[in-house]
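# using only what follows, build the 3D model:
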Amino acid sequence: MEEEEITSRVTRKCLEIKACKYLSNYMRHLVLMRSEIMSTMVRASPMSLYRAFDDMVRLIRNYKMQNAEVEEVCRKILTTPVVWSSDNKSLFIIAQVLAYLILLIKEEERSQVLTTIWVELLMQVTKNSREIMHVKQLISGGELLTFIWLLNKHVKIDDIFDIIVDIPIN
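Numbers count the residues shown, from 1 in each chain. Prediction:
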């Protein structure tokens with residue numbers, strides 16, 4: 001019985017990690033390839049994303065890491081001390097801080113926390129994006145975000161996050 005339970009837990013954990021990876025890849029796709037959708041959520045221009053990319057490239061060049069492996073670059077980004085100031089609100093700096101904070105979460109819980117964050121971000125992007133973007137996307141074959149948007153419109157749960165935010169915590 002114990003062996004079955006362990007196998008079940010491992011299988012569940014593998015599925016959680018896989019879902020988290022899919023959502024992470026999709027969010028990266030939205031940021032890099034569909035920045036016009038993401039910019040409606042964060043009220044940032046695509047220039048903010050380009051600036052974050054430039055900051056990352058500058059960090060890599062400063063450490064002369066042009067031919068480095070991805071893991072090496074990621075390790076350097078995570079281990080480089082972040083100088084936080086109110087003047088520097090670069091998305092790259094914010095991403096560095098968030099990545100560091102995520103590493104502080106127990107490894108067993110990390111994929112669950114990340115998946116929850118991605119789902120909440122997807123719901124917020126869906127809620128705040130312009131309808132015309134989704135209509136255009138449907139014409140060219142649709143996208144996960146557009147299907148979520150359609151589902152929200154159909155079920156009329158657009159304001160669910162506004163309602164949840166307004167619930168007082170005891």
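
# from now on I want contacts and neighbour counts done on CA atoms only, so please keep to that.
Will do.

# what secondary structure does residue 86 sit in?
Secondary structure, DSSP: H, G, I helix; E, B strand; the rest coil: residue 86 is coil.

# okay, now the unreliable bits of this structure?
For the chain, the stretches flagged by pLDDT under 70 are 1, 38-46, 49, 63-66, 87-89, 141-142, 154, 156-170.

# scan it for its longest helix.
For the chain, the longest helix by residue count, based on DSSP state H, is helix 2-33.

# and the angle from the helix or strand where residue 60 lies to helix 2-33?
Using DSSP states H and E, residue 60 maps to helix 46-62. Comparing the axes of helix 46-62 and helix 2-33 via axes from the mean of the first three to the mean of the last three Cα atoms, to 10 degrees yields an angle of 110 degrees.

# packing partners of helix 46-62?
helix 35-42, helix 91-104 (3 or more Cα pairs under 8 Å, 6 or more residues apart in numbering; DSSP states H and E).

# with just CA atoms, put it into PDB.
Provided in PDB are the C-alpha atoms of helix 46-62 (Å, rounded to 0.1, in the frame of the first residue of the first chain):
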ATOM      1  CA  PRO A  46       6.400  46.900 -25.300                       C
ATOM      2  CA  MET A  47       9.500  49.200 -24.700                       C
ATOM      3  CA  SER A  48       9.500  48.000 -21.100                       C
ATOM      4  CA  LEU A  49       9.900  44.500 -22.300                       C
ATOM      5  CA  TYR A  50      12.700  45.500 -24.700                       C
ATOM      6  CA  ARG A  51      14.400  47.400 -21.900                       C
ATOM      7  CA  ALA A  52      14.200  44.300 -19.600                       C
ATOM      8  CA  PHE A  53      15.700  42.300 -22.400                       C
ATOM      9  CA  ASP A  54      18.500  44.800 -22.900                       C
ATOM     10  CA  ASP A  55      19.200  44.800 -19.100                       C
ATOM     11  CA  MET A  56      19.600  41.000 -19.300                       C
ATOM     12  CA  VAL A  57      21.900  41.200 -22.300                       C
ATOM     13  CA  ARG A  58      24.000  43.800 -20.600                       C
ATOM     14  CA  LEU A  59      24.400  41.600 -17.500                       C
ATOM     15  CA  ILE A  60      25.400  38.700 -19.700                       C
ATOM     16  CA  ARG A  61      27.900  40.900 -21.600                       C
ATOM     17  CA  ASN A  62      29.300  42.300 -18.400                       C
END
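
# helix or strand right after that helix?
Next element after helix 46-62 (DSSP H and E): helix 70-79.
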